[in-house]
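> Below are the sequence and a predicted model; questions follow.
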Amino acid sequence: MKNEYDVIVVGGGPAGSTAARFAVEQGASVLMLEKDRDIGYPVRCGEAVSRAGIEEFIEPDDAFISATIDKFGMVAPDGTEVVLPLEQIGYVLERRIFDYEVAKLAANKGAEIVTRAYVNGLLFEDKKVSGVKFEHKGEQHELKAKVVIAADGVESRVGRWAGIKTYIDFREMESCVQITASNIDVDPNTLLFYFGKDVAPEGYFWIFPKRNKSANIGLGVSGEIGKKKSAQKYLDEFMNNHYPNAPFLTQIAGGVPSSITLEKISAPGIILVGDAARQVNPLSGGGIVSGMIGGKIGGKIVGKAIKNNDLNHILTYDKAWGDRLGKRHEIFDRIKDGIYNFSDEKFNSIAHAFVKVPFEKRTLGKLFKTALLNKPSLLIDIAKVFIVK
Amino acid sequence: MLLIEVIPNKCDFCGCCVGVCPEDAIELKEAEIKIIEDLCTNCSKCVWACPIEVLKFNKPQKKG
Ligand SMILES: Cc1cc2nc3c(=O)[nH]c(=O)nc-3n(C[C@H](O)[C@H](O)[C@H](O)COP(=O)(O)OP(=O)(O)OC[C@H]3O[C@@H](n4cnc5c(N)ncnc54)[C@H](O)[C@@H]3O)c2cc1C
Ligand code: SF4
Ligand code: SF4
């Protein structure tokens, strides 16, 4: 470890690793600190991504792909199941390996990585962030950096220490539980979503297939629902009803910040990327690719700021993110509010209408249109996302 | 007085509670969680956000 770095990245998830990679590529010296013992573990994730999404960053490789997805299935509260083909291929990853590979892309370019390094404070110089304080192997350390990249995930404490409001409303936190079960008889190429107030109120319950008859099975509930009934209780009920004897390979809790991006994601000497910046797609809850996109945009801007010795340049990050995805997420957020409040009857009627559409004519865009027929303002939003592009 | 209780040996260290705490009153390490009494306002948001019922709000005991 050096005494000082151009860039210190806090958190070794996909967003942090990608930011490190793009900063180091421009010649900056980069150190990434991760509090856990392993990069990529524990896996708190359903692991579904689109192929196009990850191809922007890494060549798809069997080593980290557990299943290939070409269909989307929806199960309505009355049990009606509609399956539709996806225009875009997707994958269910093996994030334990994927996160490693993404970190290696940064490491192989020269980024240093230290695990078991818990960041617990920031250093400041003239009100500008100028480094981090961290605990490593029982000792407290301080390290200076020109720019800190906060990639500390759902907790997002690092940004707060720089004066950015990062906590989200408890109603926007999707608090999740997920098990990876084996000996599960599901279609190996379909992402399956269950809707309805008994299984997953104001959200969805998922079964994402993985290789060898295993699957990620879980759900998230907002804090508003959690007041009355925890995600754990919903999962236990579902498993008892559907897979009472399934062997559990892992069981995790996790949080998806399902909100629009924070109002501010940069300040003098610091930027926020990934879940820490609340860059998750608020409609789907997917944050792997969007976090990597945030990391790429942020890492590039920081790298350039260091190269040109113009640290104010990092403040252009907010706009760059907004233009690429941030504004789109605002549309997704409105659609989310429209859809997740549907009654069970509404979900049933959508499914009934949609089973009549021939399989090859079913598209996600059409499904949303059917769903929102009597909400014209949202239909315009859907059109923006699925048709106009 | 801290009214939020962390049930021992139950936490999965997932961070949901930290992400909604308005006071930054929760310290979360790889396998260690602690509520900082001086910062906590007992608002209970963390309790509602915990997916596995690790946190509990205990009503204050009446005096006398
Ligand atoms: C149950 C569940 C299911 C999901 N399913 C999907 C899905 O199917 N598809 C999808 O695209 N997304 C999914 N997501 C979202 C996705 O997992 C996240 O959006 C993604 O991991 C975000 O990447 P990140 O790098 O921002 O954060 P993370 O991957 O969370 O990485 C943050 C890292 O920072 C470290 N850290 C935190 N604090 C500190 C500190 N103080 N010091 C040092 N290190 C620190 C953490 O240990 C962690 O390793 C799911 C999330 C959950 C919880
Ligand atoms: S009760 Fe409120 S202030 Fe206290 S730890 Fe929980 S969320 Fe934070
Ligand atoms: S939300 Fe619950 S399980 Fe997650 S870190 Fe907080 S107390 Fe632990």
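Sure thing, it's come through. Ligands and ions are numbered 1, 2, ... in the order given.
> make it CA atoms for all contacts and neighbour counts henceforth
Noted.
> Regarding the closest residue to ligand 3 within the stretch 51-200 of chain A, what is its secondary structure?
When scored by C-alpha to the nearest ligand atom, the stretch 51-200 of chain A has residue A:175 as its residue closest to ligand 3, at 7.6 Å. At residue A:175 the chain is in strand, as set by DSSP: H, G, I helix; E, B strand; the rest coil.
> so who does it touch?
A:220-223, A:226, A:231, A:253-256, B:16, B:49-51 (C-alpha atoms under 8 Å, 6 or more residues apart in numbering or on different chains).
> try 7 Å this time
By C-alpha atoms under 7 Å, 6 or more residues apart in numbering or on different chains, the contact set of residue A:175 is A:220, A:221, A:222, A:231, A:254, A:255, A:256, B:16, B:49, B:50, B:51.
> Output these in TSV; the columns should cover distance to ligand 1 and neighbour count.
Shown next, in TSV, are these (distance: C-alpha to the nearest ligand atom, whole Å; neighbours: other C-alpha atoms under 10 Å in any protein chain shown):
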residue	distance to ligand 1	neighbour count
A:220	7	31
A:221	11	31
A:222	12	29
A:231	11	28
A:254	4	24
A:255	4	29
A:256	5	28
B:16	9	27
B:49	12	35
B:50	12	36
B:51	10	34
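> buried set for the helix or strand residue A:328 falls within?
Using DSSP states H and E, residue A:328 sits in helix A:327-339. Neighbour counts over helix A:327-339 (16 or more other C-alpha atoms under 10 Å in any protein chain shown) mark A:328, A:329, A:330, A:331, A:332, A:333, A:334, A:335, A:336, A:339 as buried.
> Would you mark the buried spots in stretch B:21-39?
Buried residues in stretch B:21-39, counted by 16+ other C-alpha under 10 Å: B:21, B:22, B:24, B:25, B:26, B:28, B:29, B:30, B:33, B:35.
> Also stretch A:347-364?
For stretch A:347-364, by 16+ other C-alpha under 10 Å, it's A:347, A:348, A:350, A:351, A:354, A:362, A:363.
> Could you do stretch A:85-98 as well?
A:85, A:86, A:90, A:91, A:92, A:93, A:94, A:95, A:96, A:97, A:98.
> same deal with stretch A:190-204?
Buried-residue list, stretch A:190-204, by 16+ other C-alpha under 10 Å: A:190-196, A:199-204.
> didn't residue A:167 look like it was pressed against residue B:20?
Yes: applying C-alpha atoms under 7 Å, one finds residue A:167 in contact with residue B:20, separated by 5.0 Å.
> any idea which of the buried residues of helix A:327-339 is closest to residue B:40?
Nearest to residue B:40 among the buried residues of helix A:327-339 is residue A:333, at 30.3 Å by C-alpha to C-alpha.
> what number of residues lie near the residue nearest to that closest one when sequence neighbours are not counted?
Leaving aside its sequence neighbours, residue A:333 sits nearest to residue A:282 (C-alpha to C-alpha, 6 or more residues apart in numbering or on different chains; 5.4 Å). Residues contacting residue A:282 under the criterion other C-alpha atoms under 10 Å in any protein chain shown number 26.
> residue contacts, residue A:282?
A:258, A:259, A:260, A:329, A:332, A:333.
> neighbours around the nearest residue to residue A:287 once chain neighbours are set aside, how many?
Excluding the flanking residues, the one nearest residue A:287 by C-alpha to C-alpha, 6+ apart is residue A:280, at 4.2 Å. By other C-alpha under 10 Å, 27 other residues sit near residue A:280.
> where does the nearest residue to residue B:59 once chain neighbours are set aside sit relative to residue B:42, distance-wise?
Nearest non-adjacent residue to residue B:59, counting by C-alpha to C-alpha, 6+ apart: residue B:3, 6.8 Å away. Per C-alpha to C-alpha, to the nearest Å, residue B:3 is found 6 Å from residue B:42.
> what touches both of the two?
Here residue B:3 and residue B:42 have no joint contacts, going by C-alpha under 7 Å, 6+ apart.
> name the element residue A:203 belongs to?
Applying DSSP H and E, one finds residue A:203 within strand A:200-210.
> The residue of the stretch 51-200 of chain A closest to ligand 3 bridge partners, please.
Under DSSP bridges, the beta-bridge partners of residue A:175 are residue A:221, residue A:255.
> Residue B:35 too?
Beta-bridge partners of residue B:35, counted by DSSP bridges, are residue B:26.
> Help me confirm that it comes into contact with residue B:27.
Yes: between residue B:35 and residue B:27 there is a contact under C-alpha under 7 Å: 6.3 Å.
> Do stretch A:7-26 and chain B come into contact?
No: on the criterion C-alpha under 7 Å from any C-alpha of the partner chain, stretch A:7-26 is out of touch with chain B, staying 11.9 Å away.
> ok now that stretch, how far from the chain's centre?
Distance of stretch A:7-26 from the chain centroid (C-alpha atoms, centre = their mean, to the nearest Å) equals 16 Å.
> hmm, who's touching that stretch?
So stretch A:7-26 is contacted by A:28-34, A:39-40, A:99, A:102-103, A:105-106, A:109-111, A:145-152, A:273-274, A:288, A:291-292, A:294-296, A:298-300, A:302-304 (C-alpha under 7 Å, 6+ apart).
> For it, give the mean pLDDT please.
Averaged over stretch A:7-26, pLDDT sits at 98.
> Got the confidence number for the residue in the stretch 151-300 of chain A positioned nearest to ligand 2?
Nearest residue of the stretch 151-300 of chain A to ligand 2 (C-alpha to the nearest ligand atom) works out as residue A:170 at 8.9 Å. On pLDDT, residue A:170 comes in at 97.
> Distance of residue A:87 relative to residue A:363?
To residue A:363, residue A:87 is 8 Å away according to C-alpha to C-alpha.
> just the buried residues of stretch A:85-98 now: which is nearest ligand 1?
Of all the buried residues of stretch A:85-98, ligand 1 sits closest to residue A:92, with 7.5 Å by C-alpha to the nearest ligand atom.
> Is the closest one in a helix, a strand, or coil?
strand.
> what pairs with it across the strands?
Assigned bridge partners for residue A:92, using DSSP bridges, are residue A:48, residue A:67.
> Hmm, residue A:65 and it touching each other?
Yes: between residue A:92 and residue A:65 a contact is recorded at 6.2 Å, counting by C-alpha under 7 Å.
> any shared contact partners between the two?
With C-alpha under 7 Å, 6+ apart, residue A:92 and residue A:65 have no common neighbours.
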